[in-house]
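1. Provided below for reference: sequence and predicted model.
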Amino acid sequence: MPLYQYTNNDGIKILSDLTWKVTPPNEFNDPFEMSPCVESKDPAGFLQAQVSTWLSSEDFYKKIRGNPRFSQFKTFQDYQRGARPILEGSASRVVGASIDVDEGIQKQILNILSKSLGVICLTKTPKHHLMWAHYADKHKGLVFEFDENHKYFKGEFFKVEYSRDRFVYDPTGADRRSQIEAFVKRKSKEWKYEQEWRLIVGLNQASKVNLSSGQVIYLLKIKPKIIKSVTFGLRTSDDLKMKVKNELSLPHFSHVKLYQIIPSKAQYKLLRQPV
């Protein structure tokens with residue numbers, strides 16, 4: 001399955017710098033991005049299990065022993081013997097406010113995820129009118145094709161699922177990892193035309209770059225062999241075309257093919273031909 005990415009003029013940096021921009025999901029244009037409906041089905045059971053976890057964790061004890069409520073417990077053993085009522089009291093207050101907690105999680109979950117992970121968005125087609133218009137600067141940009149057999153696509157790589165309904169996330173459930181995977185790859189049916197695939201990248205794997213504008217971006221270093229082709233849009237400037245051709249003249253890009261989008265004479269259709 002071919003994998004393509006639409007870019008504006010800055011896409012040239014994929015060739016010149018051999019970097020791939022990794023975008024935290026709270027920077028996407030869809031306000032529903034990675035924002036499930038949060039409903040705790042068993043907050044009491046979850047918090048009871050959490051209390052047991054806290055009681056068995058010496059690291060947790062070290063973190064909270066400075067709190068006045070726990071200062072009476074001079075040793076970890078004292079804490080284990082006597083702290084349960086205090087912890088359960090805290091847990092019960094959380095259970096009583098579980099609806100407010102769910103709403104808080106729902107509002108914050110996107111920002112929480114965006115602190116640690118980013119996304120590289122890809123698609124199956126290089127000839128989509130709306131994709132060229134929305135993501136390639138009104139047909140002035142580029143489309144890159146990537147090697148679907150590369151190791152990057154063997155890990156956290158998902159086909160986006162389109163639905164009318166938001167995924168219901170239960171933070172008290174035992175299968176939280178699979179739940180997170182489910183809502184990370186779900187989007188509204190309004191976006192179905194994108195035929196999107198997502199590569200999830202930990203931001204700790206990318207380089208953090210502070211731009212002069214004050215914006216922070218994350219760049220993942222890549223090898224030339226992952227790039228299979230570059231496609232010019234209907235309105236790609238001669239200057240950008242020349243820059244791309246100069247980059248592709250380098251020996252490490254000898255395998256990369258070059259294409260041009262052209263309009264069909266008889267239909268509202270984009271065609272792609274070798275350069």
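-> Cool, got the structure.
2. And the strands in the stretch 1-150 of the chain?
-> Remark: strands assigned in the stretch 1-150 of the chain by DSSP state E, counting those that start in this stretch are 3-7, 19-22, 37-38, 117-123, 142-146.
3. quick one: the strands in the stretch 151-275 of the chain?
-> 157-159, 161-163, 168-169, 186-188, 196-202, 207-210, 216-221, 227-232, 257-263, 270-274.
4. circling back: between the strands of the stretch 1-150 of the chain, which one is nearest to Lys107?
-> Closest approach to Lys107 among the strands of the stretch 1-150 of the chain (Cβ to Cβ): strand 37-38, 9.0 Å. All C-beta atoms are positioned from the backbone trio N, CA, C, and that covers glycine.
5. before we move on, the earlier item: any chance of the strands of the stretch 1-150 of the chain in a markdown table, plus mean neighbour count, distance to Leu248 and mean pLDDT?
-> Listed next are those as a markdown table, based on neighbours: other Cβ atoms under 10 Å; distance: least, Cβ to Cβ, whole Å; pLDDT from 0 to 100:
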| stretch | mean neighbour count | distance to Leu248 | mean pLDDT |
| --- | --- | --- | --- |
| strand 3-7 | 22 | 15 | 97 |
| strand 19-22 | 20 | 17 | 96 |
| strand 37-38 | 17 | 47 | 88 |
| strand 117-123 | 20 | 21 | 95 |
| strand 142-146 | 23 | 12 | 98 |
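6. how about these, which one is nearest Glu194?
-> Comparing these by Cβ to Cβ, strand 117-123 comes nearest, at 5.8 Å.
7. In this structure Val119 contacts Trp197, no?
-> No. With contacts counted by Cβ atoms under 8 Å, Val119 stays clear of Trp197, the gap being 10.4 Å.
8. any weak-confidence spans in the chain?
-> Regions of the chain meeting the criterion pLDDT under 70 cover residues 43-46, 49, 91-101, 174.
9. Is it possible to get a markdown table of the strands of the stretch 1-150 of the chain that adds distance to Thr75?
-> Formatted as a markdown table, these follow (distance: least, Cβ to Cβ, whole Å):
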| stretch | distance to Thr75 |
| --- | --- |
| strand 3-7 | 57 |
| strand 19-22 | 46 |
| strand 37-38 | 38 |
| strand 117-123 | 39 |
| strand 142-146 | 56 |
